[in-house]
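**Student:** Sequence and predicted structure are below.
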Amino acid sequence: MKIKLTCSRHIETEGQGIAQTLAICEIMRKMIYRLEDKGIMVEALNTETWDKPEHEVHGIRQYVTVELPPEKYNEVILPLINQDVEAYIIPEGMIREVYKIEKGWAGHHVCAHMCQFRRHTELILDALHITVSTVGMIGTHNANRVGTDRYYETMVFLTHREYDNSGLPETISFSNSWAIGKPDEDYQANAMHEAIATEISERMLQGEYERS
């Protein structure tokens, strides 16, 4: 499988450009070193900028592409993902496909920072961004529920602004199960998250969330 690893930074003032570029270069340098240390070949480092005045979004991004067996994803890629680094799974043999980014932080819930289980996946199709977030097991001992009668829950949001993970106002409904009423069910919660992400991806490809 092919993975695109990216690091992005917003540039709010003219003087931040050099500092943010240097910060990204250092993050990417360390990441490439870790990949090569595990024997993973890294393609050339690329740099791009974006300028979207209508959203007041300006920034810089660097990315590399790596190829590795699917069974190595959890071992090699997941430890690299954090608030600076994102991972895209690049589809093969498809003209139009939903890109899937695993975020390194929780996507919802006021007590997310206390949850033992967190999955945050962003699904991207052209300009459409949708967040799938699963949290569970609040606390380190005798974990508490995340809501009424549930220890795990999944929610889906329509992200209106690219690169924006704050204030997700519009919730999307889905048919798959979204809650687990038993504690210590991480494997089931992971499967629930993946099932919902798959359902939403299929509906995105069918044009269900596109707006005129």
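**Tutor:** Happy to help now that I have it.

**Student:** Going by C-alpha atoms from here, please, whenever you check contacts or count neighbours.
**Tutor:** OK.

**Student:** what sits up against the lengthiest helix in the chain?
**Tutor:** For the chain, the helix reaching the highest residue count under DSSP state H is reported as helix 16-37. Under the contact criterion Cα atoms under 8 Å, 6 or more residues apart in numbering, helix 16-37 has outside partners 7-11, 41-42, 60-63, 76, 80, 84.

**Student:** can you rerun that using 7 Å?
**Tutor:** The contact list for helix 16-37 (Cα atoms under 7 Å, 6 or more residues apart in numbering) reads 7, 9, 11.

**Student:** Filter the residues you listed down to the ones in strands?
**Tutor:** 7, 9 (DSSP state E).

**Student:** quick one: which of the contacts of helix 16-37 is nearest Arg150?
**Tutor:** Nearest to Arg150 among the contacts of helix 16-37: Cys7, at 35.0 Å, using Cα to Cα.

**Student:** Spit out the contact partners of that closest one.
**Tutor:** Residues in contact with Cys7 (Cα under 7 Å, 6+ apart) are 24, 61-63, 84-86.

**Student:** Among these, find me the one that's closest to Val110.
**Tutor:** Nearest to Val110 among the contacts of Cys7: Asp84, at 21.8 Å, using Cα to Cα.

**Student:** that older thread, so which of the contacts of Cys7 sits lowest on pLDDT?
**Tutor:** Lowest in pLDDT among the contacts of Cys7 is Arg61, which has 79.

**Student:** domains of the chain?
**Tutor:** Domain segmentation of the chain under automatic domain parsing yields 1-90, 93-212.

**Student:** Return the member of these having the minimum mean pLDDT.
**Tutor:** Mean pLDDT is lowest for domain 1-90 out of the domains of the chain, coming in at a mean of 79.

**Student:** can you give me the strands in the protein?
**Tutor:** Going by DSSP E, the chain shows strands at 2-10, 46-52, 57-67, 85-90, 99-102, 115-125, 128-138, 152-159, 170-171, 179-180.

**Student:** From Ile81, how far off is Leu45?
**Tutor:** Remark: distance between Leu45 and Ile81 (Cα to Cα, to the nearest Å) = 17 Å.

**Student:** between these two, who's got more neighbours?
**Tutor:** Set Leu45 next to Ile81 and count neighbours by other Cα atoms under 10 Å: Ile81 wins out with 20 against 14.

**Student:** mind listing what's buried in stretch 178-192?
**Tutor:** Neighbour-count burial for stretch 178-192, counted by 16 or more other Cα atoms under 10 Å, picks out 178-180, 183-184, 186, 189-190, 192.

**Student:** Turn these into CSV, including distance to Tyr99.
**Tutor:** What follows is the buried residues of stretch 178-192, written out as CSV (distance: Cα to Cα, whole Å):
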residue, distance to Tyr99
Trp178, 22
Ala179, 25
Ile180, 27
Pro183, 31
Asp184, 30
Asp186, 24
Ala189, 22
Asn190, 19
Met192, 19
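
**Student:** Neighbour count and distance to Tyr152 for the contacts of Cys7 - can I get that in JSON lines?
**Tutor:** Below are those laid out as JSON lines (neighbours: other Cα atoms under 10 Å; distance: Cα to Cα, whole Å):
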{"residue": "Ile24", "neighbour count": "21", "distance to Tyr152": "35"}
{"residue": "Arg61", "neighbour count": "18", "distance to Tyr152": "34"}
{"residue": "Gln62", "neighbour count": "20", "distance to Tyr152": "35"}
{"residue": "Tyr63", "neighbour count": "20", "distance to Tyr152": "33"}
{"residue": "Asp84", "neighbour count": "15", "distance to Tyr152": "26"}
{"residue": "Val85", "neighbour count": "20", "distance to Tyr152": "26"}
{"residue": "Glu86", "neighbour count": "22", "distance to Tyr152": "24"}
